[in-house]
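Colleague: mind looking at a prediction? Sequence and model below.
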Amino acid sequence: MAKLKRLLVPEFWKLPKKKYKFAVSPRAGPHKKFECIPLLVIVRDLLGVAETGKEAKSIIKRGEILVDWKPRKDHAFPVGLMDTIAIPKIKKYFRVLVGKKGLFLKEISEEESRKKICKIVNKTCVKKGKIQLNLHDGRNILVEKDVFKTGDSVLIELPSQKILDHAKLEEGSLALILKGENAGKICRVKGVIKRKSLIESSLVLCEVEGKNLEIRKDYVMVLGKEKPMVEL
């Protein structure tokens with residue numbers, strides 16, 4: 001099992017500084033190494049469902065923890081932004097959100113846990129003229145009509161992946177800032193400033209707490225038009 005030195009782990013994992021010398025390293029998966037939380041850390045340290053790593057592993061291996069309504073039996077599975085955690089045995093449900101200090105869990109209803117916002121990070125044309133949407137959490141969804149753009153968001157049903165709604169990255173939309181000093185804040189999109197260079201990211205002009213800011217397009221996730229498509 002891969003391990004990380006305790007001093008290297010992100011602060012939002014909330015591991016005691018002196019209690020552990022090492023921490024479980026997230027498995028390669030849908031989220032980047034330091035933009036996720038290993039499932040064991042969630043079960044033991046953030047939710048307190050288990051007191052020890054051994055107990056947490058046992059609970060996870062029994063399939064009692066659902067991520068996006070699928071049992072995940074790997075204690076190092078990476079859980080990231082907008083993922084939902086369901087523990088049906090105790091009727092507890094959570095969503096992973098982002099704040100100023102990084103990722104955190106918010107308790108939600110069972111109904112809410114069956115919906116998830118995903119950002120479209122890329123799209124490709126596949127066989128028979130269908131379009132494949134590549135989403136921020138590593139999943140791919142095939143669609144018939146090309147009405148989606150990179151930077152837009154879709155609301156999907158879990159675990160079926162059925163698209164319930166579509167929010168465009170356009171003037172007037174609500175968006176969540178994912179990184180930087182304004183991480184976790186909700187902003188109103190004023191427009192998109194496109195760059196001619198392929199190296200530089202496009203910028204999104206956002207109104208945040210009465211101020212207009214230019215934020216990298218990849219640091220912004222659209223939440224909806226008049227209100228967020230999920231409870232935040």
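Modeller: Thanks, I have it.
Colleague: can you tell me how far residue 149 is from residue 229?
Modeller: Applying C-beta to C-beta, to the nearest Å, the value for residue 149 to residue 229 is 17 Å. Heads up, the C-betas are built off the backbone N, CA and C, glycines and all.
Colleague: so for the two, which residue has more residues nearby?
Modeller: Applying other C-beta atoms under 10 Å to residue 149 and residue 229 shows that residue 229 carries more neighbours, namely 21 against 12.
Colleague: could you pull up phi and psi at that one?
Modeller: In terms of degrees, to the nearest 10, the main-chain angles of residue 229 are phi -70, psi -10.
Colleague: what about the spatially closest residue to it that is not a sequence neighbour, which SS state?
Modeller: Excluding its sequence neighbours, the residue lying closest to residue 229 (C-beta to C-beta, 6 or more residues apart in numbering) is residue 155, at 4.3 Å. What DSSP: H, G, I helix; E, B strand; the rest coil gives for residue 155 is strand.
Colleague: what of residue 150?
Modeller: Classification of residue 150 using three-state DSSP returns coil.
Colleague: pretty sure it is in contact with residue 131, am I right?
Modeller: No: Residue 150 is beyond contact range of residue 131, at 11.5 Å (criterion: C-beta atoms under 8 Å).
Colleague: what is in contact with those two at once?
Modeller: Taking C-beta atoms under 8 Å, 6 or more residues apart in numbering as the contact rule, residue 150 and residue 131 both touch residue 123.
Colleague: next SSE after the worst-scoring helix or strand of the chain on mean pLDDT?
Modeller: Lowest on mean pLDDT, DSSP states H and E among the helices and strands of the chain sits strand 3-5, with a mean of 70. Using DSSP states H and E, the helix or strand that follows strand 3-5 in sequence is strand 22-24.
Colleague: so which bits of that following strand are buried?
Modeller: Using 16 or more other C-beta atoms under 10 Å as the test for burial, strand 22-24 gives 23-24.
Colleague: so how far is it from its chain's centroid?
Modeller: 22 Å (C-alpha atoms, centre = their mean, to the nearest Å).
Colleague: who does the following helix or strand past that strand pair with, and is each partner parallel or antiparallel?
Modeller: Next helix or strand after strand 22-24 toward the C-terminus (DSSP H and E): strand 36-38. Here strand 36-38 has these sheet partners by DSSP bridges: strand 78-80 (antiparallel).
Colleague: quick one: low-confidence ranges for the chain?
Modeller: 1-3, 6-7, 17-18, 196-200 (pLDDT under 70).
Colleague: show me how the record splits it into domains.
Modeller: Domains of the chain are assigned by automatic domain parsing as 3-113, 115-167, 174-224.
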